[in-house]
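1. Just to be clear, the model below is a prediction. Sequence and coordinates:
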Amino acid sequence: MTKDILFVCVENAGRSQMAEAFFRKFTEGKFNVISAGTTPSAKVNPIVEQVMKEIGIDISSQLPKTISNSMIDNSFKTVNMGCMDKESCPALFVKDVIEWNIPDPKEKTIEDVRKIRDQIKSEVLSLIKSIDDEK
């Protein structure tokens, strides 16, 4: 049975979308990967789409989603990307969450969003390695 990996943030428009895309790419279908937010935006951040496209990952068809109890209950691992809005922080609703504390790309320069993208890629690769080490 495929295990669920859940990436969460408030708007599900940037960090969690990048993490979902990286995890999906590097695990090649071995996991059911999803991202969601407590108060999702209407669309993915266009600069996030652009910096992902720069490295060959197209997330233009992704849409922000609202986190649900079934997503939380069914997740093998849940990663909170970081909270700028403490009142709607997904970590308030999820137990045993992995905290990454990555800055929100919202209203950042493209250079800053590239740094955030690269940080997320590194964290995703470390998470995959830790899951492999658990086996």
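-> Done, it's in.
2. Give me the most central residue, this structure.
-> Centroid-nearest residue in the chain, with CA atoms, centre = their mean: residue 16, separated by 2.0 Å.
3. What strand or helix carries that one?
-> Assigned by DSSP states H and E, residue 16 belongs to helix 15-27.
4. from the chain's centre, how far out does that helix sit?
-> Helix 15-27 sits 6 Å away from the centroid of its parent chain (CA atoms, centre = their mean, to the nearest Å).
5. now do stretch 15-28
-> Relative to the chain's own centre, stretch 15-28 is displaced by 7 Å; criterion: CA atoms, centre = their mean.
6. now do stretch 40-50
-> How far stretch 40-50 lies from its chain's middle: 13 Å, per CA atoms, centre = their mean.
7. does the residue nearest to the centre of the chain really touch residue 9, like I thought?
-> Yes: counting by CB atoms under 8 Å, residue 9 is a contact partner of residue 16 at 4.4 Å. C-beta here means a position set from N, CA and C on the backbone, and glycine is covered the same way.
8. and for those two, which residues touch both?
-> Both residue 16 and residue 9 are in contact with 35, 37, 81, where contact means CB atoms under 8 Å, 6 or more residues apart in numbering.
9. how about CSV for those residues, with pLDDT, distance to residue 99 and neighbour count added?
-> Conversion of the shared contacts of residue 16 and residue 9 to CSV gives the following (pLDDT from 0 to 100; distance: CB to CB, whole Å; neighbours: other CB atoms under 10 Å):
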residue, pLDDT, distance to residue 99, neighbour count
35, 96, 16, 31
37, 92, 16, 24
81, 91, 9, 29
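10. Give me the subset of these lying in strands.
-> Counted as lying in strands by DSSP state E, out of the shared contacts of residue 16 and residue 9, are 35, 37.
11. Turn the shared contacts of residue 16 and residue 9 into JSON lines, including distance to residue 21.
-> Below are the shared contacts of residue 16 and residue 9 laid out as JSON lines (distance: CB to CB, whole Å):
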{"residue": "35", "distance to residue 21": "9"}
{"residue": "37", "distance to residue 21": "15"}
{"residue": "81", "distance to residue 21": "13"}
